[in-house]
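Asks: Predicted model follows, preceded by the sequence.
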Amino acid sequence: MTPSFLYLSFKRKIFDLSKYLPFFKLGGYTRRHTLQKKIETFSDLKLDPSIQKAVVETGYTIPTPIQIQAIPLLLENHDLLGCAQTGTGKTAAFALPMIHNLISTRAKPNPKQPRSLVLVPTRELAIQVHESFLLYGKYTEIRTAVIFGGVGQNPQAKAIASGLDVLIATPGRLVDLMNQNLVSLKNLEIFVLDEADRMLDMGFIHDIRKIISFLPKRRQNLFFSATMPPDIEKLANSILVEPIRIDITPVSSTVELISQSVMYTELADKKNLLLHLFKDKNFKKTIIFTKTKHGANKISELLNKNGIKTDAIHGNKSQSARQRALEDFRSGKNKALVATDLAARGIDIDDITHVINYEIPYVPETYVHRIGRTARAGKNGIAIALAEADERSLIKDIEKVIGISIPVDRDHPFHSARVESHTGKAPKIHGSGGGGGSGNRGQRRPPRPGGGPSSQNTTAQPNSTRKQGPSQNRKSADSDNRSETKKQNPGAKKTPRSKKSRFR
């Protein structure tokens, strides 16, 4: 961060913010900001009493760093650029001030015109963000709904038609409903783009640009991304107006509470090594990451056959199956959950004890996202990487990014000295670090690194069987399926868009 980021200008006056650091780290410029006092508890935040009551009932007393920094700024209606990973508390960081600002104006939502929009990449994340708004707004009269693909649109359209204060959506389904004139964004007051880097990885850039083109000029913008490569910054600059930037836990650094290790083994011994690990009774709640949907299914079958209750979660699973898998894992009914990276993006479970990288991702930042599923809420966690010969170089790439050498664990019966000393490079066509491709197709290396009254709130009904019309007839309605399908054959030539393209 450059020294200029420590100063904000307003009417030719310079305000020195350095005295508020390190607990208040800012970047970029804004019109004005005055910090009254250091924030230590939620009661120090100027939130509506109805919101404070809901927060107290959750058991939370001390806000996270991003909540300390973001909430006062958002209450003052500033635009915000947040660089923060999953698990830092960013959902509450924008949900709490959004609810406060929406109920403060006491405006009544118009039919089909939501007052605010939260755009997220996956169904799981959409559901969890919606649950957060229900939780924090249960003593208010705000109306919320969540929409996503893979389910019938009738309940979703009906909820929007009655008027909403908050709409949580995945891009594909939102564009579908916009094309049918079932939702209008012309009176939107607040726009939130969450997990922006994953949005671009999943191929949502055209949908995002279309949605942005329908937004009113006067609005508050919130932009969150775990990484900030140039194309993400370019997208942020096209949306935000004089934003304040907040950086929480750079993506190149891993959580200090996570104990990391790598086990080198032959490919033929990987499954046996995985089963060997589960002989340890401390593996109480474990996420296992694979690169492909086919691989996730195979590992789940292997563990279940050996008495380890497991389920898999990926883009080919139905919405009800994915939710059931998450609930069984969260409740402790299942000891393990096998996941692809895209499907796991919305998982928000605090007491995960272990993360196993059964296959090493090509993108080092993906490794960081994976192991960040453990060691939440101040707890310790363990991350284990199982690496074969072709993945030896990928471990080295990860070590360069995180700035440490991952300790090698040789204390197991399947250690391979040959693999540990292997110097070859990983093949260029392989399962991607983004996860989610088919089990029998190669994938190229990605080109870029990449949690009112309840009766008023509506969630999509998974069991709806309404047939889709022509405007809906595309896999992109399901965010995971579309992204994973695209990644299966990235080398194919793109068909030029016709002049009638909906994205022109």
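Replies: Yep, it's here.

Asks: Select the longest helix from this structure.
Replies: Selection of the longest helix in the chain by residue count, based on DSSP state H, yields helix 90-105.

Asks: Parallel or antiparallel, list what pairs with the helix or strand just after that one.
Replies: Towards the C-terminus, the helix or strand next in line after helix 90-105, according to DSSP states H and E, is strand 116-119. If you go by DSSP bridges, strand 116-119 pairs up with strand 166-169 (parallel), strand 190-193 (parallel).

Asks: from the ones you listed, which stretch is densest packed?
Replies: Comparing the strands paired with strand 116-119 by mean neighbour count (mean count of other CB atoms under 10 Å), strand 166-169 comes out on top with a mean of 28. C-beta coordinates here come from the backbone N, C-alpha and C atoms, glycine included.

Asks: Can you add distance to residue 372 and mean pLDDT and give the strands paired with strand 116-119 back as JSON lines?
Replies: Output for the strands paired with strand 116-119, formatted as JSON lines (distance: least, CB to CB, whole Å; pLDDT from 0 to 100):
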{"stretch": "strand 166-169", "distance to residue 372": "22", "mean pLDDT": "98"}
{"stretch": "strand 190-193", "distance to residue 372": "20", "mean pLDDT": "97"}
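
Asks: can you put those strands in a markdown table and add distance to residue 84?
Replies: Shown next, in a markdown table, are those (distance: least, CB to CB, whole Å):
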| stretch | distance to residue 84 |
| --- | --- |
| strand 166-169 | 18 |
| strand 190-193 | 13 |
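
Asks: For the helix or strand where residue 134 lies, which helices and strands make contact with it?
Replies: Under the criterion of DSSP H and E, residue 134 resides in helix 123-136. Contacts defined by 3 or more CB pairs under 8 Å, 6 or more residues apart in numbering; DSSP states H and E place helix 123-136 against helix 49-58, helix 90-105, strand 144-147, strand 166-169, helix 319-331.

Asks: Given the next helix or strand after the last one, what are its sheet partners and their directions?
Replies: So the one you mean is helix 319-331. Note on helix 319-331: by DSSP H and E, the next helix or strand toward the C-terminus is strand 336-339. As defined by DSSP bridges, the strand partners of strand 336-339 come to strand 286-289 (parallel), strand 310-313 (parallel).

Asks: right, and these - which one's nearest residue 406?
Replies: Of all those, it is strand 286-289 that lies closest to residue 406, at 15.4 Å by CB to CB.

Asks: Just the CA coordinates for the closest one, please, in CSV.
Replies: Taking C-alpha atoms only, strand 286-289 is exported to CSV below (Å, rounded to 0.1, in the frame of the first residue of the first chain):
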residue,chain,number,x,y,z
THR,A,286,-13.1,-33.5,6.6
ILE,A,287,-13.4,-31.9,3.2
ILE,A,288,-11.6,-33.7,0.4
PHE,A,289,-10.9,-31.7,-2.8
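
Asks: on that earlier part again, what angle separates the helix holding residue 134 from helix 90-105?
Replies: Using axes from the mean of the first three to the mean of the last three CA atoms, to 10 degrees, the inter-axis angle of helix 123-136 relative to helix 90-105 is 50 degrees.

Asks: returning to that earlier point: got the strands paired with strand 336-339 as TSV, with mean neighbour count and distance to residue 218 columns?
Replies: Converted to TSV, these look like this (neighbours: other CB atoms under 10 Å; distance: least, CB to CB, whole Å):
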stretch	mean neighbour count	distance to residue 218
strand 286-289	26	43
strand 310-313	26	40
